[in-house]
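Enquirer: I need the structure of the sequence given here:
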Amino acid sequence: KQLKFSVMSKLVILASRSPRRTELLELMGINHLIDSSQFQEVHDQSISPQELASQLALGKALEVSERHPDHYVLGADTLVTAEGRHLPKPNSRAQAKETLRFLSGKSHLVTTSVALVHKNKGLQLVGTSNTTVFFKENEEKAINDYVATDDPMDK
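Expert: Next comes the predicted model:
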């Protein structure tokens, strides 16, 4: 609770341009600025989703904390894993459709890690959450209609 109070009363740097992450911070009333991370993500298929998401979230937060050593920096990463492989975020509508077709009628694991870093205080906290999502069989029209909204492009 002490950390929550401390962070709530400070300016937090969000190491992401994600509209969803910004919206969450706004809903929680956390004063923040956005400084998107330039951290080079490497999706190592040989490690667990939890370990990979943690490494990526921490890497993003650490990279941005170099520019903001006196602030709390929040980094996050979300992975989708199905049939033993980490799926990339879609770069195009065609790739989004391909991913949705692959996931149709299957379950997959969504792993999100959040890292909170304060360089000058030597603080590095990482938390991870897993959710199993079950997709029903989707018809091609439903996939096309969903992708046309551009909603899956940041997932």
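Enquirer: name the element T111 belongs to?
Expert: strand 107-118 (DSSP states H and E).
Enquirer: what's in contact with the helix or strand just after that strand?
Expert: Following strand 107-118 in sequence order, the next helix or strand is strand 123-134 (DSSP H and E). With C-beta atoms under 8 Å, 6 or more residues apart in numbering as the contact definition, strand 123-134 has outside contacts at 3, 49-50, 53-54, 57-58, 61-62, 72, 106-117. Where you see a C-beta, it was placed from the backbone N, CA and C, and this is true even at glycine.
Enquirer: mind checking which of the residues you listed are buried?
Expert: Taking 16 or more other C-beta atoms under 10 Å as the criterion, what is buried in those is 49-50, 53-54, 57-58, 61-62, 72, 108-117.
Enquirer: longest helix in this structure, by number of residues?
Expert: For the chain, the helix that runs over the most residues, judged by DSSP state H, is helix 49-65.
Enquirer: hang on, the earlier thing: show me what the strand holding T111 is packed against.
Expert: helix 49-65, strand 72-82, strand 123-134 (3 or more C-beta pairs under 8 Å, 6 or more residues apart in numbering; DSSP states H and E).
Enquirer: what mean pLDDT does it have?
Expert: Throughout strand 107-118, pLDDT has a mean value of 96.
Enquirer: might you list the low-confidence residue ranges for the chain?
Expert: In the predicted model, the chain carries pLDDT under 70 at residues 1-9, 154-155.
Enquirer: please name the residues that touch V73.
Expert: 12-15, 35, 61-62, 64-65, 116-119.
Enquirer: does the residue nearest to the spatial centre of the chain have beta-bridge partners, and which?
Expert: Note on the chain: the residue nearest the mean C-alpha position is D77, at 2.8 Å, using C-alpha atoms, centre = their mean. D77 has the following beta-bridge partners by DSSP bridges: S113.
Enquirer: could you check how far it is from N120?
Expert: As judged by C-beta to C-beta, to the nearest Å, D77 and N120 stand 24 Å apart.
Enquirer: again, but for V133
Expert: 39 Å.
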